[in-house]
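Asks: Predicted model follows, preceded by the sequence.
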Amino acid sequence: MKKSLLLVASVFLLACQQQSDSDFKTLYSLPKKLKEVSGITYFPDSKLIYTLEDSGNKNAIYAINQEGKLAKTITVSNAKNIDWEDITKDKNGNIYIGDFGNNDNTRKDLCIYKVAKNELNKDQASAEYKISFSYPEQTEFPPKKKELFYDVEGFFEYQNYFYLFTKNRSKGFDGTAFIYKIANKPGTQKAIKIGEFKTCNNYNHCVLTSATISPDGKKVVLLSHDKIVLFKGFKGDLFHKGTQTEIKLNHFSQKEAIVFKDNNTLLIADEKTNKVGGNVYEFKLK
């Protein structure tokens, strides 16, 4: 009963917001060699975006300048790309790679790699440490088809913790997503589930593909193929307890990556599919 009440409360707080098409604009095309971008993070001082690609691609991160040109390729020599799904940074400029893509919910080797800021000027970098983790709620590999909750494509680092937002692959998709918390320290951990919420019951429009938090820590945004989910007014790290607003982008594509450029501006990247996408976009929050 308690769980049901929480979900009802979450849905009750869901609001919809429409913004003008002019709030969403294309900045540039991604380099052609990057066909499966799965995450982005942004450095305001250098105005560089750092990105990566998911399973089947190189164990490398890529710096892209304001013109969309490839500025640097950094191979992470001691990290394997099983399924890199997102990239983020901490307040000191260290980068973290989320190797937690888990389409079939069968993996037992989920991890996050730290690449220190001073490694980013090298062609061959080494991960400073690795964080291995598991979900205590998952007891079967894979779970039943109606319980495929343990894929993740979005995370960020905030106050020395990582926050992971699950991608629901369950049969009978209903928009349920979990939030997990992991300490930013080397070693093996059990992820802590701090909450859950719902988006909508249409997989193509409401499945979550990336996550970001504003520089001031007051907004959390989650990405889907044609909209974002904005959390505001939360206390501490209980993001789902704040207001939950769905904002339509009026643009459908395979969007896979999002990051705050500043407290009110988002950068979004998508994969090129059927001649659509392969770009970096800017979206201003009202």
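Replies: Right, received. Where do you want to start? Fair warning: this is a prediction, and the values are worked out from it, not measured in the lab.

Asks: contacts, neighbours, all on C-alpha from now
Replies: Fine.

Asks: Tell me which residues touch Asp109, please.
Replies: Ser132, Phe133 (Cα atoms under 8 Å, 6 or more residues apart in numbering).

Asks: how close does it sit to Phe100?
Replies: To Phe100, Asp109 is 8 Å away according to Cα to Cα, to the nearest Å.

Asks: I believe His205 is in a helix; please confirm or correct that.
Replies: Yes. Counting by DSSP: H, G, I helix; E, B strand; the rest coil, His205 is located in a helix.

Asks: Would you enumerate the residues in contact with it?
Replies: Taking Cα under 8 Å, 6+ apart as the test, what His205 contacts is Ser224, His225, Asp226, Lys227.

Asks: what does Phe141 give?
Replies: Asn105, Thr106, Arg107.

Asks: same question, Leu27
Replies: With the criterion set at Cα under 8 Å, 6+ apart, Leu27 makes contact with Asn279, Val280, Tyr281, Glu282.

Asks: Count the neighbours of the closest residue to the last one other than its chain neighbours for me.
Replies: Spatially, and ignoring its direct neighbours in sequence, Glu282 is nearest to Leu267 (4.7 Å; Cα to Cα, 6 or more residues apart in numbering). Counted with other Cα atoms under 10 Å, the burial measure for Leu267 works out to 23 neighbours.

Asks: three-state assignment of Leu267?
Replies: strand.

Asks: is it true that it touches Glu256?
Replies: No. With contact defined as Cα atoms under 8 Å, Leu267 does not reach Glu256; the gap is 11.2 Å.

Asks: ok, and the closest non-adjacent residue to Val276?
Replies: Ser253 (6.8 Å).

Asks: Pro44 too?
Replies: Spatial nearest neighbour of Pro44, chain neighbours left out: Lys261 (7.2 Å); criterion: Cα to Cα, 6+ apart.

Asks: ditto for Ala116
Replies: Asn94 is the one closest to Ala116 (Cα to Cα, 6+ apart), at 4.6 Å.

Asks: any idea how far that neighbour lies from Ser46?
Replies: 14 Å.

Asks: do Asn250 as well
Replies: Taken as Cα to Cα, the span from Asn250 to Ser46 is 30 Å.

Asks: same question, Ser126
Replies: 22 Å.

Asks: What ranges does the stretch 51-200 of the chain have for its helices?
Replies: Per DSSP state H, counting those that start in this stretch, the stretch 51-200 of the chain carries no helices over any range.

Asks: picking up where we left off before, tell me which of Ser126 and Ser46 has more neighbours.
Replies: Set Ser126 next to Ser46 and count neighbours by other Cα under 10 Å: Ser126 wins out with 18 against 9.

Asks: OK, contacts around the more buried one?
Replies: So Ser126 contacts Val76, Ser77, Asn78, Ala79, Val115, Glu119 (Cα under 8 Å, 6+ apart).

Asks: again, only using 6 Å
Replies: By Cα atoms under 6 Å, 6 or more residues apart in numbering, the residues touching Ser126 are Val76, Ser77, Asn78.

Asks: Which one of these sits in the busiest neighbourhood?
Replies: Val76 (22 neighbours).
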